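**Student:** Provided below for reference: sequence and predicted model.
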Amino acid sequence: MKCYQKEGPNCHKKIIFKNRTDFTLLLGELYKTGGDGKCGISFYEFKPREDYEKQEDNCWEDNLPVEVYIVSPEKFHREGYISCDSIEIKNKVLKHYILTLDYLHQNNWTVIFE
């Protein structure tokens with residue numbers, strides 16, 4: 001049985017993403033398959049002017065750094081795994097974030113795309 005820590009100053013369970021554009025975008029969280037150099041991205045359709053709370057059961061602090069991409073829906077890799085080196089080739093990446101503890105503390109656990 002796993003014991004979950006309560007949210008507090010050293011345990012954050014959500015990151016807020018804000019789309020401050022007039023366009024629908026894709027918010028993608030990167031995940032790696034292991035040592036084979038393959039990656040996948042789970043996408044969330046991010047509506048114009050939308051705020052999205054990405055929730056976790058565990059503390060985000062235990063999973064950092066996390067890589068996220070803001071991608072145009074005009075060109076994105078829809079399914080399966082690809083080489084981690086080809087993410088920016090197979091997707092129209094508008095912004096790549098590497099979310100570290102320092103970055104999130106400095107930005108009040110909020111990521112704003114303008």
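**Tutor:** Arrived safely, thanks for sending.
**Student:** what about K47, distance to L104?
**Tutor:** 23 Å (C-beta to C-beta, to the nearest Å). C-beta here means a position set from N, CA and C on the backbone, and glycine is covered the same way.
**Student:** which of those two has more neighbours?
**Tutor:** Using other C-beta atoms under 10 Å as the criterion, K47 and L104 rank with L104 on top: 19 against 12.
**Student:** and K14, backbone torsions?
**Tutor:** Backbone torsions of K14, given as degrees, to the nearest 10, read phi -150, psi 150.
**Student:** show the contacting residues for it.
**Tutor:** By C-beta atoms under 8 Å, 6 or more residues apart in numbering, the contact list for K14 reads E53, K54, Q55, E56, W60, W109.
**Student:** from these, which is closest to V93?
**Tutor:** V93 lies nearest to K54 out of these, by C-beta to C-beta, at 18.4 Å.
**Student:** show me what contacts that closest one?
**Tutor:** Here K54 is in contact with K14, I15, I16, F17, E29, Y44 (C-beta under 8 Å, 6+ apart).
**Student:** just the ones of those in helices?
**Tutor:** In helices, judged by DSSP state H, none of the contacts of K54 are found.
**Student:** so can I have TSV of those residues showing distance to E67 and pLDDT?
**Tutor:** Formatted as TSV, the contacts of K54 follow (distance: C-beta to C-beta, whole Å; pLDDT from 0 to 100):
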residue	distance to E67	pLDDT
K14	18	95
I15	13	96
I16	17	97
F17	13	97
E29	7	90
Y44	14	93
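**Student:** which among the contacts of K14 end up buried?
**Tutor:** In terms of neighbour count (16 or more other C-beta atoms under 10 Å), the buried residues within the contacts of K14 are K54, W60, W109.
**Student:** could you pull out the strands for this protein?
**Tutor:** 14-19, 25-32, 38-46, 51-55, 66-71, 82-83, 93-99, 110-113 (DSSP state E).
**Student:** buried deepest among those strands, which one?
**Tutor:** Ranked by mean neighbour count, the strands of the chain are led by strand 66-71 with a mean of 20 (mean count of other C-beta atoms under 10 Å).
**Student:** mind listing the strands that strand pairs with, and their directions?
**Tutor:** strand 25-32 (antiparallel), strand 93-99 (antiparallel) (DSSP bridges).
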